[in-house]
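Asker: Got a sequence here, can you model it:
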Amino acid sequence: MADRFNTSADMRDAVFFDGSSSGARYSRFWMLLVLASIIASAGIVGDSTATVIGAMIVAPLMTPILGTMLATVLGDRANLGRSLLLVLGGAAAAVLIGFAVGLLVQTPVLAATNAQVAARVSPRLIDLLAALGTGVVGSVALVRRDISDTLPGVAIAISLVPPLSVAGLVLESGSVAQFLGALLLFLTNVVAILGTGIVVMSVYGVSRLTRRRAPGDHTAPSLLAPVALLAGMLVLIGIPLTVTSVTVTAQSNLEGTVQTVGRDWAAGVGWSVTGVSTQGTEVILHVQGTPPAPGTAELETALAAAGVDPERVTVDLTPVTVVRLSRVP
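Answerer: Below is the predicted model:
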């Protein structure tokens, strides 16, 4: 039964950057971080999900984050400082690499034209829920030997380097709002790992490894402080996520209404809707068909009837010319 659990020494050796092998650990961390950041940036620019997943597996940021969590539980200030510096330094390096890759790309890398970016600049409460779940798995995998093989799956599930690469790319493209959104996603994942990890470690009694107890004292460590810390973290990160969730939901509902009304109108004039997009507070309805271009008075009336302000909607009419080739006798 005890063989299922790692000892304190095992866990320290897995996530702390100290001891005689610290030099090799640091060189491995920075090498993998640079490579993961380059791979992630290239995958985002190329809009390749497979490449981005590869970067998630290579990325080493999970180690110092777990180290921060374990050092907090054990009260190890020296390793807490080292781990925090690695998290902050690694995050800054990943953003800078993303920015540098953006300099090599001629076209802007923004959410409007790139699905990888769009998926990482508007984090919502559902992203926090996913991060909490993966944070629990990652923490339990550190404690228990029999499920340590789940860590590659945790690396894929919890996105660390890709949001940082996105932050650098969109910052180079000139979007501060998307830069902040990508950083919020990264911060959400870090908070989830730290918060859930501290609670998991307390549940498993890891803090008892360093407690000096009197003979006969079999009391379990109090969970009040870890739970309070987790609650504070969740409130801190939950406020902006709630705002983003409300904004994204309202935007999706508005786009859906415009698309539904637009399809009915387009069908009546012999044209077709090809899509709906948003730029700021403006919704763009993309419509195409054969000339001449139809009037939009009926569309404005229908939108108003559906509760949509027509002034927030722009119709992009794209004429399509169909040429029938004559048959050669």
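Asker: now the helices: where do they sit in this structure?
Answerer: Applying DSSP state H to the chain gives helices spanning 8-15, 22-45, 49-58, 62-74, 77-103, 115-118, 125-143, 151-157, 161-172, 176-203, 224-269, 297-305.
Asker: from these, which stretch is densest packed?
Answerer: helix 161-172 (a mean of 29; mean count of other C-beta atoms under 10 Å). Every C-beta, even on glycine, is put in place using the N, C-alpha and C of the backbone.
Asker: helices or strands next to that helix in the packing?
Answerer: Contact here means 3 or more C-beta pairs under 8 Å, 6 or more residues apart in numbering; DSSP states H and E; on that basis helix 161-172 packs against helix 22-45, helix 49-58, helix 77-103, helix 115-118, helix 176-203.
Asker: what about the protein, any weak spots by pLDDT?
Answerer: The chain contains residues with pLDDT under 70 at 1-3, 148-157, 205-230, 233-234, 327-329.
Asker: And the closest residue to residue 196 other than its chain neighbours, how close does it get to residue 66?
Answerer: Here the nearest residue to residue 196 in space, its sequence neighbours aside, is residue 135; by C-beta to C-beta, 6 or more residues apart in numbering that works out to 3.9 Å. Residue 135 sits 10 Å away from residue 66 when distances are taken as C-beta to C-beta, to the nearest Å.
Asker: Residues in contact with both of those two, list them for me.
Answerer: Each of 193, 197 lies in contact with both residue 135 and residue 66 under the rule C-beta atoms under 8 Å, 6 or more residues apart in numbering.
Asker: Residue 79 is in contact with residue 67, correct?
Answerer: Yes. Using C-beta atoms under 8 Å, residue 67 makes contact with residue 79 at a distance of 6.3 Å.
Asker: Pull the number of nearby residues for the closest residue to residue 319 other than its chain neighbours.
Answerer: Nearest residue to residue 319, sequence neighbours excluded (C-beta to C-beta, 6+ apart): residue 291, at 4.7 Å. Using other C-beta atoms under 10 Å, residue 291 is surrounded by 9 other residues.
Asker: tell me the phi and psi of residue 291?
Answerer: Main-chain dihedrals, residue 291, degrees, to the nearest 10: phi -60, psi 160.
Asker: can you offset everything so residue one is 795?
Answerer: Shifting the count to begin at 795 puts that one at residue 1085.
Asker: Tell me how far it lies from residue 1114.
Answerer: Residue 1085 sits 8 Å away from residue 1114, going by C-beta to C-beta.
Asker: just residue 1060 next, same as before
Answerer: Residue 1060 is 13 Å from residue 1114, by C-beta to C-beta.
Asker: Could you tell me which residues touch both of the two?
Answerer: Common neighbours of residue 1060 and residue 1114 (C-beta under 8 Å, 6+ apart) are residue 1083.
Asker: Let me see the domain layout of the chain.
Answerer: 796-1015, 1045-1113 (automatic domain parsing).
Asker: Tell me which of the ones you listed sits nearest to residue 1119.
Answerer: Residue 1119 sits nearest to domain 1045-1113 of all the domains of the chain, at 16.6 Å, using C-beta to C-beta.
Asker: mind putting the helices and strands packed on helix 955-966 in a markdown table, distance to residue 1035 included?
Answerer: Shown next, in a markdown table, are these (distance: least, C-beta to C-beta, whole Å):
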| stretch | distance to residue 1035 |
| --- | --- |
| helix 816-839 | 22 |
| helix 843-852 | 21 |
| helix 871-897 | 19 |
| helix 909-912 | 17 |
| helix 970-997 | 7 |
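Asker: Would you mind saying which of these lies nearest residue 1102?
Answerer: Proximity to residue 1102 (C-beta to C-beta) singles out helix 909-912 among the helices and strands packed on helix 955-966, at 22.7 Å.
Asker: neighbouring contacts of that closest one?
Answerer: 837-838, 841-843, 846, 903-906, 956, 960, 963-964, 972, 976.
Asker: can you rerun that using 10 Å?
Answerer: 834, 837-843, 845-846, 902-906, 956-957, 959-961, 963-964, 967, 969, 972, 975-976 (C-beta atoms under 10 Å, 6 or more residues apart in numbering).
Asker: can you check stretch 837-845 too?
Answerer: Contacts for stretch 837-845 (C-beta under 10 Å, 6+ apart): 833-836, 846-850, 892, 895-896, 898-899, 901, 903, 907-914, 956-957, 959-960, 962-964.
Asker: switch the cut-off to 7 Å
Answerer: When contacts are defined by C-beta atoms under 7 Å, 6 or more residues apart in numbering, stretch 837-845 is touched by residues 833, 836, 846, 849, 895, 899, 903, 908-911, 956, 959-960, 963.
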